[in-house]
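# My questions concern the predicted model and sequence given below.
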Amino acid sequence: MYEPVIGLEVHLQLKTKTKAFCGCANYFGEKPNTLVCPVCLGLPGSLPVLNQKALEYALKVALALNCKINRVFKFDRKNYYYPDLPKNYQISQYDLPLSQNGYIDIESEGKSKQIGIRRVHLEEDAGKLIHTENYSLVDYNRAGVPLLEIVTEPEINSPQEAYAYLTTLKSILEYLEVSDCDMEKGSLRCDANISLRIGKSEKLGVKTELKNMNSFKAVRDALNFEIKRQREILESGGEIVQETRLWDAEKEITTSMRSKEEAHDYRYFPDPDLVIFTAEEEFLESMRKTIPELPRKRSLRFQQEYKLSPYDAGVLTQSKALADYFETCIKLYPHPKEISNWLTTEIFAYLNEKKISFESLNLEAEKFIRLLKLLELKQINRNTAKEVLRVMLETGRDADTIVREKNLFLISSSADIDNIVEEVIRTNPGPVNDYLKGKENALMFLVGQVMKQTQGKAEPLKVQEVLRKKIPKGGQNA
Ligand SMILES: [Zn+2]
């Protein structure tokens, strides 16, 4: 039995106002080569200065991922020649990175597991190449954007675990509000390396590196493909070639890009333009204080404090915006289970259908809670409430107005219901007879008739009650 050994490398663009070592704006989508200066273009005589915000964001992430912060860290030049790199080196960190030895707790297929974080370091992004058929264009707007590299230990053992790690990591990063984490815009990118070993043997197999995956699902799919490909080679007596492979999402295969250079081929050496940094305990402490309650801890608190199931608590705390919204609602209306149900069913269904995120939802907590109160006060029934919620989400209008305009208030007067029930009994002798013979279904049919007559504005349980009262068993037709 082969066991996959997977390590993941995430590159995260930090959403600082300016680039990592110069004052150029850090902004996506601007005209090519308009956000550049002598520093990020590497012109002679220019000097880099570290962006304090970038350092703070990097430290926040490192602390949230339980990393040990190195008291002394420095920046190094990673030398290589490529058109997207104006200086011919990238400012990165080598032997003294910002932080090391952290971990993340994940849940995968019902089991908890801790994934080690080897290092979190700060570097700068390269420019972007746009390839056309006959030539390539280069845009240096991205060159020098602060980039965080987050590398795991090779402790992930299945594509599903890799997926769980990435969603957990993304959720933490979103809570920290240090990045858009948008894979489509490239602000979060992930590479994977994978090898197979026999059983739990110490000896690792030859690994391949996977690139070009544009979603977490693509990472999972690419790993699944690569496991199968490597297993087939090994089982037929072949050898794995150490190389970089590209995921082709359309064909759902990986293809060879280049054989792997070793890391030391990059010729790292300390950047003489940047000083050696020391992290003071006081400063670290002030950074620690900026870290909010993170998703996993919040989920556990939701389970205890609001008596939610682990599943519901997990879903509600995955996004900070959603978890904050949930807690705002509870302050207005202390019925966590009811609020949780509405959010995880009706509202999630709407988000899925419209393919939008919770953040772009148009529903103020006050308006949402007013709807739940109308339901509690029996001004409307549950089906009507769902209908009203839809209109609220589509139009942003409030529940009272919608209910009033569409005349959706429940018929609350007993006399009105009595009249309709009597009418239904009179016009449906067959089903009445069936009910008297013991067929409970017939009663449901009669309830349905009353609901139809009232256009759904009666409380079904109440209708049932009145019907039972008005058709006494052993009565006239028995
Ligand atoms: Zn610049």
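The structure has been received and is ready for your questions. Numbers count the residues shown, from 1 in each chain.
# tally of neighbours for the nearest residue to residue 17 once chain neighbours are set aside?
Computed as Cβ to Cβ, 6 or more residues apart in numbering, the closest residue to residue 17 that is not its neighbour in sequence is residue 26, at 6.4 Å. In this view, the C-beta of every residue, glycine as well, is placed from N, C-alpha and C. Residue 26 sits with 22 neighbouring residues when counted by other Cβ atoms under 10 Å.
# Flag every buried residue along the strand ranked longest in the chain.
Longest strand in the chain, counting residues (DSSP state E): strand 111-124. Buried residues in strand 111-124, counting neighbours by 16 or more other Cβ atoms under 10 Å, are found at 113, 115, 116, 117, 118, 119, 120, 121, 122, 123, 124.
# Need the residues you listed in TSV (columns: distance to residue 107).
Converted to TSV, those look like this (distance: Cβ to Cβ, whole Å):
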residue	distance to residue 107
113	8
115	11
116	17
117	17
118	21
119	24
120	22
121	27
122	29
123	31
124	34
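# now, among these, which is nearest to the ion?
residue 124 (10.1 Å; Cβ to the ion).
# That closest one contacts residue 87, doesn't it?
No. Here residue 124 does not reach residue 87: they are 9.2 Å apart, not a contact under Cβ atoms under 8 Å.
# Can you pull the residues that touch both of those two?
Residues touching both residue 124 and residue 87 (Cβ atoms under 8 Å, 6 or more residues apart in numbering): none.
# got the buried residues for stretch 207-216?
Under the neighbour-count criterion of 16+ other Cβ under 10 Å, stretch 207-216 has 207, 208, 209, 210, 211, 212, 213, 216 buried.
# For the ion, state which of these is nearest.
residue 211 (26.9 Å).
# how deep is the residue of the stretch 101-250 of the chain found nearest the ion tucked in, by neighbour count?
Nearest residue of the stretch 101-250 of the chain to the ion: residue 144, at 5.4 Å (Cβ to the ion). For residue 144, the neighbour count with other Cβ under 10 Å is 31.
# Also residue 297?
By the other Cβ under 10 Å criterion, the neighbourhood of residue 297 contains 12 residues.
# and it, that one's in a helix?
Yes. Inclusion of residue 297 in a helix is indicated when DSSP: H, G, I helix; E, B strand; the rest coil is applied.
# Give me the pLDDT for it.
Per-residue pLDDT puts residue 297 at 95.
# Also residue 259?
Among the per-residue scores, residue 259 shows a pLDDT of 68.
# Same question for residue 164.
Note on residue 164: pLDDT of 96.
# Which residues are in contact with residue 267?
In this structure, residue 267 makes contact with residue 79, judged by Cβ under 8 Å, 6+ apart.
# thinking again about what came up before, please flag which of the buried residues of stretch 207-216 sit within strands.
Under the assignment DSSP E, the buried residues of stretch 207-216 contribute 208, 209, 210, 211, 212, 213 to strands.
# for residue 160, helix, strand, or coil?
In terms of secondary structure, residue 160 is helix; the call rests on three-state DSSP.
# count of neighbours near it?
Applying other Cβ under 10 Å, we find 14 other residues in the vicinity of residue 160.
# Contact partners for it?
Applying Cβ under 8 Å, 6+ apart to residue 160 gives the contacts 108, 109, 220.
# Now the second one: closest residue in space, sequence neighbours ignored.
In space, residue 109 comes closest to residue 160 once its chain neighbours are excluded; the distance is 5.9 Å by Cβ to Cβ, 6+ apart.
# ok, so what distance separates that neighbour from residue 438?
Separation of residue 160 from residue 438 (Cβ to Cβ, to the nearest Å) stands at 52 Å.
# Measure how far the longest strand of the chain is from the centre of its chain, please.
Offset of strand 111-124 from its chain centre (Cα atoms, centre = their mean, to the nearest Å): 18 Å.
# next one: stretch 133-144
That offset, for stretch 133-144, works out to 30 Å (Cα atoms, centre = their mean).
# thought residue 175 was touching residue 320?
Yes. Counting by Cβ under 8 Å, residue 175 touches residue 320, with 4.7 Å between them.
# Spell out which residues are contacts of both of these two.
Overlap of the contact sets of residue 175 and residue 320 (by Cβ under 8 Å, 6+ apart) consists of 292, 295.
# can you tell me which of the buried residues of strand 111-124 are up against the ion?
Contacts with the ion within the buried residues of strand 111-124, counted by Cβ under 5 Å from the ion: none were found.
# closest to residue 403 among those residues?
The shortest separation between residue 403 and any of those is 48.6 Å, and it belongs to residue 113 (by Cβ to Cβ).
# Could you give the bridge partners of the nearest residue to residue 212 once chain neighbours are set aside?
Taking Cβ to Cβ, 6+ apart, and ignoring the residues beside it in sequence, residue 212 has residue 246 as its nearest neighbour in space, at 4.4 Å. For residue 246, the beta-bridge partners under DSSP bridges are residue 211, residue 255.
# switch to numbering from 58
With the count now opening at 58, the last piece we talked about shows up as residue 303.
# if I look at residue 303, how far off is residue 348?
The spacing between residue 303 and residue 348, counted by Cβ to Cβ, is 36 Å.
# Check what pLDDT the residue nearest to residue 166 gets.
Per-residue pLDDT puts residue 217 at 97.
# what does this protein put close to the ion?
The chain has residues 79, 81, 94, 96, 97 near the ion, with proximity defined as Cβ under 5 Å from the ion.
# wait, isn't residue 233 in contact with residue 119?
No. If you go by Cβ under 8 Å, residue 233 and residue 119 don't touch, sitting 10.5 Å apart.
# So which of the two has more stuff around it?
Applying other Cβ under 10 Å to residue 233 and residue 119 shows that residue 119 carries more neighbours, namely 28 against 19.
# now the more buried one: how far from residue 337?
Noted for residue 119: a distance of 15 Å to residue 337, by Cβ to Cβ.
# what does residue 221 give?
Summarising the geometry, the distance separating residue 221 from residue 337, computed by Cβ to Cβ, is 36 Å.
# So between the two, which is more surrounded?
In terms of neighbours (other Cβ under 10 Å), residue 221 is the more surrounded of residue 221 and residue 337; the figures are 22 against 9.
# Tell me which other helices or strands the longest helix seen in the chain touches.
Longest helix in the chain, counting residues (DSSP state H): helix 273-292. Applying 3 or more Cβ pairs under 8 Å, 6 or more residues apart in numbering; DSSP states H and E, we find helix 273-292 packed against strand 59-70, helix 216-233, strand 245-255, strand 265-270, strand 300-305, strand 310-316.
# same question for it, mean pLDDT?
Taken as a whole, helix 273-292 carries a mean pLDDT of 96.
# try stretch 520-535
Stretch 520-535 carries an average pLDDT of 72.
# ditto for stretch 493-511
88.
# And it, what's buried?
For stretch 493-511, a neighbour-count test (16+ other Cβ under 10 Å) marks 493, 499, 500, 502, 503, 504, 506, 507, 508, 510, 511 as buried.
# Over to stretch 248-260?
248, 249, 250, 251, 252, 253, 254.
# got it, and stretch 435-451?
By neighbour count, with 16+ other Cβ under 10 Å as the criterion, the buried positions of stretch 435-451 are 436, 437, 438, 441, 442, 443, 444, 445, 446, 448, 449, 450.
# Kindly indicate which of these lies nearest residue 67.
When the buried residues of stretch 435-451 are compared for distance to residue 67 (Cβ to Cβ), residue 450 comes out closest, at 33.7 Å.
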